[in-house]
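*Asks:* this one's sequence-less:
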């Protein structure tokens with residue numbers, strides 16, 4: 001495939017922090033493969049997306065969400081002529097830094113680590129791929145290409161006040177944090193939003209938190225898509241077939257809108273090289289303003305009817321309690337850290353607290369519950385969640 005002139009060209013890559021021999025694969029394809037083979041990526045299978053330790057086999061977790069983001073992102077990259085492997089690598093890695101129990105776990109870990117600089121899942125993802133993964137004898141981390149690290153650091157835009165984790169990565173190898181990332185990272189970010197909103201809608205309907213008609217009444221975009229689906233399939237009444245078709249309709253329209261909007265932005269700045277993307281001064285890969293307004297309405301609906309729904313909210317405090325108690329117990333007595341984590345634990349602060357935070361953030365939901373029962377006591381989560 002011939003790349004567009006504004007794509008990130010692997011032949012002009014800034015390389016890796018630790019030089020390696022050339023491969024038959026491009027550097028960005030190797031980065032993608034390393035991410036897929038990492039322990040942190042496998043652990044996403046048992047990390048919460050929305051539902052804590054879901055008892056249904058069909059609800060999303062961090063792993064399935066990451067795969068869905070990668071599929072959308074790669075389609076966008078192919079249509080725009082930018083590097084698909086880099087885009088896919090960034091999409092697959094974007095959630096590596098999330099601790100157990102989703103946003104509840106992150107909030108608890110942020111509070112627990114506040115005296116030592118706090119916690120941020122994006123900074124932690126960079127810490128994982130540059131330091132914590134230990135699969136290679138010659139270096140810590142995955143030794144990813146500069147462009148992949150840059151995209152992970154800045155996929156949501158420039159970073160002017162990095163937290164301690166990202167600042168440490170940037171100090172070792174400057175990532176030009178004050179500029180925008182290339183188009184591949186921007187596409188991974190907008191694909192994340194598209195996947196998150198649509199698949200949470202799907203999961204919310206599947207869980208019985210609301211009906212299609214409830215969302216359609218609140219969000220005109222959903223109503224229009226639902227009308228198109230039911231008109232196209234007038235003789236199909238089974239919701240189990242029509243709801244997935246609604247999700248496909250919505251994703252398709254959003255993807256088409258992103259492509260049209262991004263192409264217009266590229267034309268407006270006369271993008272001729274990747275440097276034009278980085279210095280544009282604003283994000284180029286976006287939804288159009290009208291559709292973005294509709295998506296904000298959808299997000300507001302999901303916030304009130306899904307993320308704050310009693311079935312979800314009742315697990316928030318117990319989940320935070322598990323993470324907070326694990327951090328407190330291990331920080332007070334690091335000798336209780338398993339495996340190599342205790343021998344490698346620094347004696348001084350803030351390094352000791354951050355080491356413990358690294359361990360807690362890496363846990364899956366089920367491992368956190370198991371270790372909580374060993375170190376603290378009976379789980380505060382409902383018994384059916386403890387498996």
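*Replies:* Arrived safely, thanks for sending. Just so it is clear, the model here is predicted, and its values are computed rather than measured. Numbers count the residues shown, from 1 in each chain.
*Asks:* how's the chain carved up into domains?
*Replies:* 10-172, 206-309, 316-385 (automatic domain parsing).
*Asks:* average pLDDT for the last one, rounded please.
*Replies:* Going back to what we said before, that points to domain 316-385. Mean pLDDT, computed over domain 316-385, is 94.
*Asks:* and what of the second one?
*Replies:* Across domain 206-309, pLDDT averages out at 96.
*Asks:* what does the longest one give?
*Replies:* The pLDDT scores in domain 10-172 average 93.
*Asks:* end to end on it, go ahead and measure it.
*Replies:* With CA to CA, to the nearest Å as the measure, domain 10-172 spans 22 Å from end to end.
*Asks:* ranges for the strands of the stretch 201-350 of the chain?
*Replies:* Counting by DSSP state E, counting those that start in this stretch, the stretch 201-350 of the chain has no strands at all.
*Asks:* just checking, next helix/strand downstream of the helix or strand harbouring residue 354?
*Replies:* In the assignment (DSSP states H and E), residue 354 maps to helix 351-361. Next along the chain after helix 351-361, taking DSSP H and E as the criterion, comes helix 365-375.
*Asks:* what count of nearby residues applies to the closest residue to residue 316 other than its chain neighbours?
*Replies:* With CB to CB, 6 or more residues apart in numbering as the criterion, residue 316 has its nearest non-adjacent residue at 4.7 Å, and that residue is residue 104. In this view, the C-beta of every residue, glycine as well, is placed from N, C-alpha and C. Applying other CB atoms under 10 Å, we find 23 residues neighbouring residue 104.
*Asks:* cool, residue 66 as well?
*Replies:* For residue 66, using other CB under 10 Å, the count is 25.
*Asks:* cool, and residue 289?
*Replies:* 8.
*Asks:* ok, back up a step: ok, now which ones touch the residue nearest to residue 316?
*Replies:* Counting by CB atoms under 8 Å, 6 or more residues apart in numbering, residue 104 touches 48, 52, 315, 316, 319, 320, 323.
*Asks:* could I get the residues you listed as JSON lines with distance to residue 339 and neighbour count?
*Replies:* Shown next, in JSON lines, are these (distance: CB to CB, whole Å; neighbours: other CB atoms under 10 Å):
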{"residue": "48", "distance to residue 339": "24", "neighbour count": "24"}
{"residue": "52", "distance to residue 339": "26", "neighbour count": "24"}
{"residue": "315", "distance to residue 339": "29", "neighbour count": "21"}
{"residue": "316", "distance to residue 339": "30", "neighbour count": "19"}
{"residue": "319", "distance to residue 339": "24", "neighbour count": "26"}
{"residue": "320", "distance to residue 339": "26", "neighbour count": "21"}
{"residue": "323", "distance to residue 339": "20", "neighbour count": "26"}
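*Asks:* now, which of those residues sits nearest residue 69?
*Replies:* Distance to residue 69, by CB to CB, is smallest for residue 48 among the contacts of residue 104, at 16.1 Å.
*Asks:* could you list the residues in contact with stretch 219-238?
*Replies:* With CB under 8 Å, 6+ apart, stretch 219-238 has contacts from 201, 212, 215-217, 241-242, 245-246, 249-250, 253, 291, 294-295, 297-298, 301.
*Asks:* stretch 153-172 too?
*Replies:* 17, 90, 94, 117-118, 120, 122-124, 126-127, 130, 149, 175, 177-181, 185-186, 188-189, 283, 350, 354.
*Asks:* which among the residues you listed count as buried?
*Replies:* 17, 90, 94, 117-118, 120, 122-124, 126-127, 130, 149, 175, 177, 179-181, 185-186, 188-189, 283, 354 (16 or more other CB atoms under 10 Å).
*Asks:* got the buried residues for the lengthiest helix in the chain?
*Replies:* Ranked by residue count and defined by DSSP state H, the top helix of the chain is helix 239-269. Judged by neighbour count (16+ other CB under 10 Å), helix 239-269 contains these buried residues: 242-243, 245-247, 249-251, 253-255, 257-259, 261-262, 265-266.
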